[in-house]
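Visitor: below are the sequence and a predicted model for it; my questions follow.
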Amino acid sequence: MTRDIRAEDDLPDSAAALDFYKKYDPKEIIGRGVSSVVRRCLNKHTGVAYAVKIIDITPERLNTQQLEEIQTSTVKEIDILKKVSGHPNVIALIDCYQSNTFIFLIFDLMKRGELFDYLTEKVTLSEKESRNIMRALLEVVDFLHKKNIVHRDLKPENILLDDEMNIKLSDFGFSCQLEPGEHLRELCGTPGYLAPELLQCSMDNFHIGYGMEVDIWACGVIMYTLLAGSPPFWHRKQMVMLRMIMEGQYSFTSAEWEDTSDCVKDLIARMLVVEPKLRCTAGQALAHPFFQQYFVEEVRHFSPYRKFKVIMLTVLASVRMYYHYRRVKPLTPDIVLRDPYAIRPLRKLIDATAFRIYGHWVKKGVQQNRAALFENTPRAVLAALTAQSEGLDDLF
Ligand code: ADP
Ligand code: MG
């Protein structure tokens, strides 16, 4: 027996699981969610590769309430996906099918995977790369908010990358279209990205509720994380972390922020405002000076005098660099052994290598020093590893 899953009347053609297998050939798993598995699949007729999100609704595995919840939320997810599809930075839903045991949602395949994986591999992103990603993210958030749609689960795991490294927002499982003046109360999302008002609301029955501002808070957390390689709010005890969020307790003190401009920090600070009414909107964030820089490639036309000035300045700078270079103390093995993390190129190497060894995000906060993992004293290594594993236990 098959049941139709319908958001509104004109859903992509929905049919039995058999129809799915007639048209598509499922391949390896490329992602997992709470109640879904995502596989690469091939269209048998065209040979084109897609991603299929398979949602398990096996009745033996779930009670009636869980079953209803999953079905309702999937209907909602499809409904929202239909409303937002066509935006260049939203994942395109191609097709969907339902049997009485599974729901299949077919999407365009994002071969480069999640922004999360890209970031963990690179550790931190440059201002320029962060600017491109944040501009696209805020544009799509602005587009959603203009339709009164709140995403509620913005995080690097739900931002996918296409072949040209353009971002595509995915996972609309918690998304919701608000009526004018409507506030939400449900506690949902991912701990590190939850906005303070969302947490307060779950603790206070008289709280007015929250709205679309929660997405801007998450954008602030994402932007901070892209640039620093670690999230703004993190503590191995989740309760402490939630308190830090509610008090808006974060800082720009780690080494990664030393070279970052005040303009970047200003934009992050405008998004990470505890009071939702004072937090900037997506449109205001896009109008921030951070996005005005390097937007138009400047074409320079130099007069002969300016050409001469530029040449002179270049020569002077080269001479200065040469003398500076001669004065620099050579890097001896002794200096390297004493404090490798203080030397910038080595710090980058340590960070990147830490990822390769551990296969996950090693640094979780300012206090944690990735270099400790490479120190020779067994106690330091042990302490660092314990902190990592405790941190991961708390997270999962
Ligand atoms: P859930 O709602 O269960 O979190 P998601 O829609 O976020 O499910 O999908 C889980 C994971 O599957 C994603 O984080 C991503 O790694 C992978 N994934 C989802 N859709 C695609 C896609 N279109 N292309 C490539 N990978 C995808
Ligand atoms: Mg997800």
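Guide: Structure received. Numbering: from 1, shown residues only. Ligands and ions are numbered 1, 2, ... in the order given.

Visitor: by proximity to ligand 1, which residue of this structure wins?
Guide: G33 (1.3 Å; C-beta to the nearest ligand atom). From N, CA and C alone the C-beta is placed, and that goes for glycine too.

Visitor: touching, that residue and D171? I think so.
Guide: Yes. At 7.3 Å, G33 counts as touching D171 under the criterion of C-beta atoms under 8 Å.

Visitor: more neighbours: which of the two?
Guide: D171 (23 against 13; other C-beta atoms under 10 Å).

Visitor: can I get the CA coordinates of stretch 266-282 in CSV?
Guide: Taking C-alpha atoms only, stretch 266-282 is exported to CSV below (Å, rounded to 0.1, in the frame of the first residue of the first chain):
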residue,chain,number,x,y,z
ASP,A,266,31.8,44.9,14.0
LEU,A,267,29.5,42.9,11.7
ILE,A,268,29.8,39.8,13.9
ALA,A,269,29.0,41.9,17.0
ARG,A,270,25.9,43.3,15.3
MET,A,271,24.6,39.8,14.6
LEU,A,272,25.5,38.4,18.1
VAL,A,273,23.3,40.9,20.0
VAL,A,274,21.4,39.2,22.8
GLU,A,275,18.3,41.4,22.5
PRO,A,276,16.6,40.2,19.2
LYS,A,277,15.0,43.6,18.6
LEU,A,278,18.4,45.2,18.5
ARG,A,279,20.0,42.5,16.4
CYS,A,280,20.6,43.6,12.7
THR,A,281,18.4,42.1,10.0
ALA,A,282,19.7,40.2,7.0
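
Visitor: show me where pLDDT drops low in the stretch 251-396 of the chain?
Guide: 294-303, 327-329, 355-396 (pLDDT under 70).

Visitor: and it, which residues reach ligand 1?
Guide: Within the stretch 251-396 of the chain, no position is near ligand 1 by C-beta under 6 Å from any ligand atom.

Visitor: can you pull out the strands in the stretch 1-150 of the chain?
Guide: With strands called from DSSP state E, counting those that start in this stretch, the stretch 1-150 of the chain shows them at 24-32, 36-43, 49-56, 93-98, 102-108, 149-150.

Visitor: now the element after the shortest one, going C-ward?
Guide: Which is strand 149-150. strand 159-161 (DSSP states H and E).

Visitor: what's in contact with that following strand?
Guide: 91, 110, 112-116, 118, 133, 137, 167-170, 222 (C-beta atoms under 8 Å, 6 or more residues apart in numbering).

Visitor: what about ligand 1: which of these touch it?
Guide: Within the contacts of strand 159-161, those near ligand 1 by C-beta under 6 Å from any ligand atom are I91, M110, G113, E114, S170.

Visitor: drop anything exposed from these.
Guide: The neighbour count (16 or more other C-beta atoms under 10 Å) marks I91, M110, E114, S170 as buried among these.

Visitor: tell me, how many residues neighbour V310?
Guide: So V310, with other C-beta under 10 Å, has 12 neighbours.

Visitor: any idea how far it is from I335?
Guide: Taking C-beta to C-beta, to the nearest Å as the measure, V310 falls 37 Å from I335.

Visitor: which ones are touching K53?
Guide: Going by C-beta under 8 Å, 6+ apart, the list of residues near K53 reads G33, S36, V37, V38, F104, L105, F107.

Visitor: hmm, 10 Å instead?
Guide: 31, 33, 36-39, 74, 77, 93, 96, 103-107, 170-171, 173 (C-beta atoms under 10 Å, 6 or more residues apart in numbering).

Visitor: between G33 and D171, what contacts are shared?
Guide: K53, E157, N158.

Visitor: okay if I get those as a markdown table plus distance to ligand 2?
Guide: Below are the shared contacts of G33 and D171 laid out as a markdown table (distance: C-beta to the ion, whole Å):
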| residue | distance to ligand 2 |
| --- | --- |
| K53 | 9 |
| E157 | 6 |
| N158 | 5 |
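
Visitor: sorry, back to before: tell me the two of the buried ones among the ones next to ligand 1 among the contacts of strand 159-161 that are most distant?
Guide: I91 and E114 (11.8 Å; C-beta to C-beta).
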